[in-house]
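[1] the amino acid sequence is not available; the structure is as follows:
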């Protein structure tokens, strides 16, 4: 209807023009990109920083065991007292000093690093691993075992997970990727519902406390006003989401181009968001050749489609509730008791998602992804693992049906609540409104 | 012709009756005052007229038709509590509100510009509402109320927050709207504006109508026969002496040294006048009708005592 159109337009434009929207739109992708970029930047930076480390080994176990590389040089200082070496560190000749005290018995197990600056994590790891290896080797030798045999025995196991369907088709799955994807998708739905649902509530209660409602209510029906606001804000949410994806993509591409990295395989499909996850995981995963396999194993079409459907329906369901709550409260202080029934199912859903992600096909997981108030979040956890089509359909139908029902209830609460001032409200009272014509 | 007919309208809330079989007939092209103490039921009645709430019983006729959604577009309502979106620009907001009332954007902006100039707020078109003073916000809100040229206007305390110059501007606008054919319902506590503007009034107390009629008629009904005579005389003592021979008179000195004010509560004051003329020069003779303020207080208090 024409008037709903006007309301949607106003809600959309005033929100999109706000400075906070712009800031969030640009900050979001920067933060997202930063999560990905900063570790790389740090890794690149630390290699340019060369460390000189003096070694004073009074146990004489580890002299010449430390090897130099581009990041650090070890200088053994035999016979030098540690105190004078410390002075050298202070004067800047060395960046740090490693001191292994003399051993009382046979095996040294203590060492100290003296440094003015923070000791980089990798240096710390390197020193302790060299020392541990040396001690282990010495112990093995003492027991009469050749360390060469031990390292020959070590084996890497490559466990493949194959999902089969009834027709006997097999598909390799990558649990780690699905795990991350599931958590991130459900978190996104949760955050968007809380954030934009909150905006609906705030908008409604602004209209109420400013008494704008009294002016507008004589021009439009309360239902039009409520739906206009909900739809307007949902368009803002979608705009923000699309902008985030585009900007994150642009930043990511810009950054990779800047580094001179070509990553065609990362551009080949899907959203930038999921690419990043894939990319991240691949970087940790040493089997680079499986990138294509992993990307192909993820059904991006289904994931994006179901994300949009569950996000929009979930938002709409909760937005109607938030609108009803907004119409009930006069000021922010008494909103708490009414927001609780809305935030509790969301909290339950997000907490249970950590259980669901470990066991996405358990009956509890199936139930959570069917119950309309938790399904938008719980289903998104399960989607990357693959969900039977009938379950998705049932869940969507239930969700859409509940949305219609809640809209009907919320409209009744809204209609009465929005014009009710200075009255202490109880749930009993609100329940009575539902029976009004 | 009756424009709005309120018939036996009753509205009950859980703990009290806001309106009890209220009957009001508002003629076309008049300014009708809705008076009453706080909590009398005025706002409830206005909300029922605006179809914000529905009455429990009784009905309202507009031009003889039962009140329905289609009438809403022909009502302009200025609520007591002023409300505008604080973060929105003035012009944009006024256009939005006008569009919600079904006016095309271009037409709305043309009309708004005219009114903005008339109220001398043309320069504020692109300012945010929160930057405006309270009085200026009220002007904006008044304009948005009348912008769709409705034939029924409902103003709830339109003068609060206005300085005398702007109040006058508003008063003239209200009068000219009536002259153009609008029927205006004015709810106010400002009795001076009632006397200046209203053709008829209804006084509501505790949900009941306790006084109804044309302002002039009501004042005459409440005539206490008070007459005020001012006389110039060199002999004040003889004027004071009159209090001994005439009933119900009061003699006071005035600001002028040689003028005396004599108040009588007897309409047949010819005899008194004769005697006064013998001692001095008549300056003025005035019929003192009670102010709406006095009538308001008297009526409400007497009803409160009865119940």
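    Happy to help now that I have it. On a predicted model such as this, the values are computed, not experimentally measured, just so you know.
[2] domains of the chain?
    This is for chain A. As assigned by automatic domain parsing, chain A contains the domains A:2-38+A:170-433, A:51-153.
[3] try again with chain B
    Per automatic domain parsing, the domain ranges recorded for chain B read B:2-220, B:225-288.
[4] confirm that residue A:22 sits in a strand.
    No - Residue A:22 is assigned helix when assessed by DSSP: H, G, I helix; E, B strand; the rest coil, not a strand.
[5] tell me how far residue A:203 lies from residue A:70.
    The gap separating residue A:203 from residue A:70 is 57 Å, by CB to CB, to the nearest Å. Where you see a C-beta, it was placed from the backbone N, CA and C, and this is true even at glycine.
[6] buried residues in stretch A:201-217?
    Within stretch A:201-217, the residues that count as buried by 16 or more other CB atoms under 10 Å in any protein chain shown are A:201, A:203-217.
[7] nearest to residue A:340, of those residues?
    Minimum distance to residue A:340 across these is 13.0 Å, recorded for residue A:201 (CB to CB).
[8] and that closest one, what pLDDT?
    Residue A:201 is assigned a predicted lDDT (pLDDT) of 90.
[9] checking it next. Helix, strand or coil?
    What three-state DSSP gives for residue A:201 is helix.
[10] residue contacts, it?
    Contacts for residue A:201 (CB atoms under 8 Å, 6 or more residues apart in numbering or on different chains) come out as A:322, A:323, A:325, A:326, A:335, A:339.
[11] just the residues you listed: which are in strands?
    Using DSSP state E, no member of the contacts of residue A:201 sits in strands.
[12] quick one: the strands in the stretch 151-300 of chain B?
    Applying DSSP state E, counting those that start in this stretch to the stretch 151-300 of chain B gives strands spanning B:152-156, B:183-187, B:200-205, B:208-214, B:226-232, B:249-253, B:259-264, B:281-288.
[13] how far out from the middle of the chain is the second one?
    Centroid displacement of strand B:183-187 relative to its chain, using CA atoms, centre = their mean, to the nearest Å, is 8 Å.
[14] mind pulling up the pLDDT for residue B:284?
    Looking at residue B:284, its pLDDT is 89.
[15] any chance of the strands of the stretch 151-300 of chain B in JSON lines, plus distance to chain A and mean neighbour count?
    Output for the strands of the stretch 151-300 of chain B, formatted as JSON lines (distance: least, CB to the nearest CB, whole Å; neighbours: other CB atoms under 10 Å in any protein chain shown):
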{"stretch": "strand B:152-156", "distance to chain A": "9", "mean neighbour count": "24"}
{"stretch": "strand B:183-187", "distance to chain A": "13", "mean neighbour count": "25"}
{"stretch": "strand B:200-205", "distance to chain A": "20", "mean neighbour count": "23"}
{"stretch": "strand B:208-214", "distance to chain A": "23", "mean neighbour count": "17"}
{"stretch": "strand B:226-232", "distance to chain A": "42", "mean neighbour count": "18"}
{"stretch": "strand B:249-253", "distance to chain A": "47", "mean neighbour count": "14"}
{"stretch": "strand B:259-264", "distance to chain A": "46", "mean neighbour count": "20"}
{"stretch": "strand B:281-288", "distance to chain A": "40", "mean neighbour count": "13"}
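[16] ranking these by mean pLDDT, which is last?
    Ranked by mean pLDDT, the strands of the stretch 151-300 of chain B end with strand B:249-253 at the bottom, a mean of 82.
[17] for it, name the packing helices and strands.
    When contacts are defined as 3 or more CB pairs under 8 Å, 6 or more residues apart in numbering or on different chains; DSSP states H and E, strand B:249-253 sits against helix B:236-245, strand B:259-264.
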